[in-house]
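K.L.:
How does the following fold in three dimensions:
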Amino acid sequence: MQTDSLIIGGGIAGLWCARELSRLGLCATVVEKAPILGGHVQGYCCKATDTCQRCGACLLEEALADVQGSDSVTCLVRSEVLQLERANGGFAIKVLTKPERVDAQLEELSIETRSLVLATGFKPFDPTEKPRFGHGRISGVMTALELDELLRNGAFAKLRRGRDIHSVAFIQCVGSRDAKLGRNYCSRVCCGYAMRLARLLRSRFSDMQTAMFYMDLQTFDRDFEKRIQEAAREVRLVRAIPSEVRIGTGGRPELIYEGTGDVRVAEEHDLVVLSVGIHPNPAIASLVNQMGIRLNEDGFVGHGAEDVNTGIEGVFVAGTAQGPKSIADSVSHAMRAAGQVAAFLDRSGGRP
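P.N.:
Here you go, the predicted model:
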C-alpha cells in the first residue's frame, strides 16, 4: 500500500490534516489506535448557550464528514504502528490492525510513504496524582472531561436529580503550572473550557450556582474582556486555588482556601470539577525514539508554538502532540502541517 502521507493519530488534528491534504490533491492514510475516530473531542459536548461559545467541538463533525466522504483518505482504526524505517527515500511502515470481531486474526499491513505526520494528541492529567483534591476518593469530585461527557450523553440531568446538585465549583490548573510535577507550563485551554462549562450549566439549569477558583485567567477568546465580563455575571470568580478538598459536615465536597485578608475559608459544594491539564502522550515515546526526534523541555514534539517541523526530513507534527492547544488552534496547526507536507512532497519529487 502506498500513500503520500501517513498520519499517526485520528483525533481532531489528524483528521483536519488529512482533510487538507485531500483538498490539495494528495492521498493520506490515518492510523488510529482507538475503535473510533475523533480522539478526545468526540467526547465533548457543544457549549452553546443562547449563542455560540466558540468551543470548537463542531469542527470534528465537519472533518469527519469530509474525510469519510473522500476517496483520497484511508482511515485505519484499531490500528497502530509496529515498525518504522527509512526506505526508498521515504518510510516503510508496518501497521497492525485489530479486527472488529475478537475471534478474527490480526492483520499486518505494509505501507510506503514519503511523509509522516505525528498527530498523537495529548494525555489528560491523572487527578489522582494530586490526592489533596479527592478525585476517586470523595463522592462529588470529577474532572471537567468527565462532566463534559455527562453533558454530552445526557446523563448529567439524571445525576443532578439523584444527588440534588445546585452548586458546582471548578478548580483550575490541576496538573498545570506545577513545578513539583515537572509541568511548569500553562495548558492554555482550561480557563476557556471551564468557563464555557460553567455558563452551559447555568444556561441549562437556571437555579445552578457556579464558582471558578483560579490563579489567573488565560486569554481564551479574541473577545476575551467581553467574555469575562459576561461570564462574571453568571460565574463567581475566586482568585485562589484550594489547598484541599475534603468531606464536609453535610457530606458534600468541601473546599479549603485562603480568602480575603488570608482568612481560611471552608466552603461546601454539591459538585467539584477539576480542570485537568494537557500532558504529552506517552504513546509517542517509541515513535520519536525510532526516528531520533528530540522532545522539548516539556516533553512535546517540536519547538515554538506554531512550528510543524520535527527536525527530521519528511516528518511533521500537528495539534497537541506539539504542545497545548485549543480545538481551533489544533485545526489551524494541522492545516499548516498539511501545507508543509505538500511543499515537501513537491520539493522531493512527489509520491513514493
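K.L.:
Which parts of the stretch 201-350 of the chain are strands?
P.N.:
209-213, 235-238, 244-247, 253-258, 264-268, 271-276, 278-280, 315-317 (DSSP state E, counting those that start in this stretch).
K.L.:
Ok, the stretch 51-200 of the chain next?
P.N.:
Secondary structure of the stretch 51-200 of the chain (DSSP E, counting those that start in this stretch): strands at 73-76, 79-87, 90-97, 107-118, 122-124, 141-143, 167-174.
K.L.:
Let's have those strands in CSV, adding mean pLDDT and mean neighbour count.
P.N.:
To be clear about C-beta, it is placed using only N, CA and C from the backbone, and glycine gets the same treatment. CSV is the format used below for the strands of the stretch 51-200 of the chain (pLDDT from 0 to 100; neighbours: other Cβ atoms under 10 Å):
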stretch, mean pLDDT, mean neighbour count
strand 73-76, 98, 20
strand 79-87, 93, 15
strand 90-97, 96, 18
strand 107-118, 96, 20
strand 122-124, 97, 20
strand 141-143, 98, 21
strand 167-174, 97, 25
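K.L.:
can you tell which of the ones you listed is closest to Gly323?
P.N.:
Gly323 lies closest to strand 122-124 among the strands of the stretch 51-200 of the chain, at 9.0 Å (Cβ to Cβ).
K.L.:
State the paired neighbours of the closest one in the sheet, together with their directions.
P.N.:
strand 278-280 (antiparallel) (DSSP bridges).
K.L.:
one step back: so which of the strands of the stretch 201-350 of the chain comes closest to Leu6?
P.N.:
Comparing those by Cβ to Cβ, strand 315-317 comes nearest, at 10.2 Å.
K.L.:
Give me the residues contacting the closest one.
P.N.:
In this structure, residues lying in contact with strand 315-317 by Cβ atoms under 8 Å, 6 or more residues apart in numbering are 115-119, 291, 293, 301-302, 307-310, 337, 340-341, 344.
K.L.:
quick check: longest helix of this structure.
P.N.:
helix 327-348 (DSSP state H).
K.L.:
Tell me what angle that one forms with strand 107-118.
P.N.:
Put simply, helix 327-348 runs at 100 degrees to strand 107-118, going by axes from the mean of the first three to the mean of the last three Cα atoms, to 10 degrees.
K.L.:
Show me which residues of helix 327-348 are buried.
P.N.:
327, 329-342, 344-345 (16 or more other Cβ atoms under 10 Å).
K.L.:
now do stretch 122-139
P.N.:
Result for stretch 122-139 [16+ other Cβ under 10 Å]: buried residues Phe122, Lys123, Pro124, Phe125, Pro127, Lys130, Phe133, Gly134, His135, Ile138.
K.L.:
what's near enough to touch the last one?
P.N.:
In other words, Ile138. Contacts of Ile138 (Cβ under 8 Å, 6+ apart): Val245, Arg246, Ile247, Pro253, Val272.
K.L.:
Now for the fourth one: which residues touch it?
P.N.:
By Cβ under 8 Å, 6+ apart, the residues touching Pro253 are 134, 138-141, 169, 245-247, 268-272.
K.L.:
If we use 10 Å, what do you get?
P.N.:
133-134, 138-142, 169, 242, 245-247, 267-272 (Cβ atoms under 10 Å, 6 or more residues apart in numbering).
K.L.:
In this structure Leu109 contacts Gln83, no?
P.N.:
No: contact between Leu109 and Gln83 fails when scored by Cβ atoms under 10 Å: they sit 11.2 Å apart.
K.L.:
Between these two, which contacts overlap?
P.N.:
In contact with both Leu109 and Gln83: Ile93, Lys94, Val95, Leu96, using Cβ under 10 Å, 6+ apart.
K.L.:
which residues does the third one contact?
P.N.:
With contact taken as Cβ under 10 Å, 6+ apart, Val95 is in contact with 1, 6, 8, 29, 31, 76, 79-84, 107-111.
K.L.:
Skipping adjacent residues, who's closest to it in space?
P.N.:
Leu109 (4.6 Å; Cβ to Cβ, 6 or more residues apart in numbering).
K.L.:
go on, the first one?
P.N.:
Beyond its immediate neighbours in the sequence, the residue positioned closest to Ile93 (Cβ to Cβ, 6+ apart) is Ile111, lying 4.7 Å away.
K.L.:
Find me the pLDDT at Ala305, would you?
P.N.:
On pLDDT, Ala305 comes in at 64.
K.L.:
likewise Arg222?
P.N.:
67.
K.L.:
just Leu287 next, same as before
P.N.:
88.
K.L.:
what do you get for Gln218?
P.N.:
For Gln218, pLDDT reads 77.
K.L.:
show me the contacts for the nearest residue to it once chain neighbours are set aside.
P.N.:
In space, and not counting its chain neighbours, Gln218 is closest to Cys191: 4.4 Å by Cβ to Cβ, 6+ apart. Taking Cβ under 10 Å, 6+ apart, we find Cys191 in contact with 170, 172-173, 212, 214-221, 224, 228, 231, 275.
K.L.:
Okay then, goodbye and thanks.
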